[in-house]
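[1] Build me a model from this:
(chains A and B)
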Amino acid sequence: MNLAEVVGSTAAIGYGLAAIGPGVGVGLVFAAYIQSTARQPEAARITQPFLWIGFAVVEVLALLGIAFGFIWQGTLT
Amino acid sequence: MLPLAADVPFPPTVEDFYPPSIIPWGGDNVWFTKITLLLWLTVAVLIIYFLVAYRNPKLVPTKRQWVAESIYGFVRNNIAVEMIGKEGVRFAPYLASLFSFIFVMNFWGIVPVAQISPNSHIAFPVILALISWVLFIYLGFKKHGAGYFKHALVPPAPWFILPILVPIEFFSNFIVRPFSLAVRLFANMFAGHMLLLVFTLGGFAMINANALLTPISILSWLMTIALTFLDLAVIALQAYVFTVLTASYIQGSLAEGH
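    Numbering: from 1, shown residues only, chains lettered A, B, ... in the order given. Have a look, this model is predicted:
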């Protein structure tokens, strides 16, 4: 007897799990930027490039998840 | 009700990224597709625009000249000089071309009728990333000679940790950098196109499944419009990020030793 059956691609589940880390990471990057700007408003322009570099470096993890989800997608049978 | 949408395939697949050939129309010959056409259009638009804007420069700029100058000025002051320092001015032309090229290439993703960015095929980002990769390695060797290996690979750290750090530095500087540059741009455009497809085709799929789902279909199409604006932000951001990262790698190569 099957209590619960899952059919289809496992890639969606995998990507959902893989997006947790970058989600937290991007949140931390922006939190740090907002905090530093609140403490030192005149530093906003100085730290902005680093904000985007940090964001891009973290974000790529989530995007790797999308790309590899298509490459390694498996099917539950 | 919507005869065109009678059998819309759902969910969208990777196949949707391979538009049919234009010459010959619909053939299997893949040398001239919408992607190729958009690439040529991008190059043509950029060359013609910048030539026309600067054909007859005025001290008090016309609107066209002002826009072209703002793009170049933005890249020069906010990316090149800010990231690299005074030396950055000599990289400003390359960075400005890179920025405007990536921006226009990405922008096709939300232009009606075009609706796909050539950058959603990994070949284009890979070449752009390889150019940046060769550029920063070349500049490093030009500046430091053979010492570039020490500069790039050996961080100031106690000797006993170096056997671990050197391979990590090698991996992150020479392998992950070009790879992540390419994949970031590709995956952003790929995901953006996929999202728009999911919501557009999803609307058709639901309206076909049951007429009672029409309001949800309309909601789905409204989401498409909202996501197009999100995509616009992503498009500009990715062009900016690619350029900033290239500038920061150049800066890393040009920096004085530790």
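
[2] ranges for the strands of chain A?
    With strands called from DSSP state E, chain A shows them at A:8-9, A:75-76.

[3] What helices and strands are in contact with the first one?
    Think strand A:8-9. For strand A:8-9, the packing partners by 3 or more C-beta pairs under 8 Å, 6 or more residues apart in numbering or on different chains; DSSP states H and E come out as strand A:75-76. Placement of C-beta: from N, CA and C, glycine included.

[4] Does chain A have contacts with the strand or helix carrying B:Val134?
    Per DSSP states H and E, B:Val134 falls inside helix B:123-144. No - using C-beta under 8 Å from any C-beta of the partner chain, we find that helix B:123-144 stays clear of chain A, coming within 11.1 Å at best.

[5] what residues does that helix touch?
    Contact with helix B:123-144 is made by B:39, B:94, B:98, B:101-102, B:105, B:118-119, B:148, B:150-152, B:174, B:177-179, B:181-186, B:242, B:245-246, B:249-250, B:252-254, B:257, as judged by C-beta atoms under 8 Å, 6 or more residues apart in numbering or on different chains.

[6] I'd like the next helix or strand past that helix.
    According to DSSP H and E, the helix or strand after helix B:123-144 is helix B:148-153.

[7] Dump the helix holding B:Val134 to PDB, keeping only the CA atoms.
    C-alpha atoms of helix B:123-144 as PDB (Å, rounded to 0.1, in the frame of the first residue of the first chain):
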ATOM      1  CA  ALA B 123      27.900  30.400 -25.200                       C
ATOM      2  CA  PHE B 124      27.700  34.200 -25.100                       C
ATOM      3  CA  PRO B 125      28.400  34.600 -21.300                       C
ATOM      4  CA  VAL B 126      31.200  32.100 -21.600                       C
ATOM      5  CA  ILE B 127      33.000  34.200 -24.200                       C
ATOM      6  CA  LEU B 128      32.500  37.400 -22.200                       C
ATOM      7  CA  ALA B 129      33.800  35.700 -19.100                       C
ATOM      8  CA  LEU B 130      36.800  34.200 -21.000                       C
ATOM      9  CA  ILE B 131      37.700  37.700 -22.200                       C
ATOM     10  CA  SER B 132      37.700  39.000 -18.600                       C
ATOM     11  CA  TRP B 133      39.700  36.000 -17.500                       C
ATOM     12  CA  VAL B 134      42.400  36.400 -20.100                       C
ATOM     13  CA  LEU B 135      42.400  40.200 -19.400                       C
ATOM     14  CA  PHE B 136      43.100  40.000 -15.600                       C
ATOM     15  CA  ILE B 137      45.600  37.200 -16.000                       C
ATOM     16  CA  TYR B 138      47.500  39.100 -18.700                       C
ATOM     17  CA  LEU B 139      47.500  42.300 -16.700                       C
ATOM     18  CA  GLY B 140      48.800  40.300 -13.600                       C
ATOM     19  CA  PHE B 141      51.700  38.900 -15.600                       C
ATOM     20  CA  LYS B 142      52.400  42.200 -17.200                       C
ATOM     21  CA  LYS B 143      52.500  43.900 -13.800                       C
ATOM     22  CA  HIS B 144      54.200  41.300 -11.600                       C
END
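
[8] Fine by me, thanks again.
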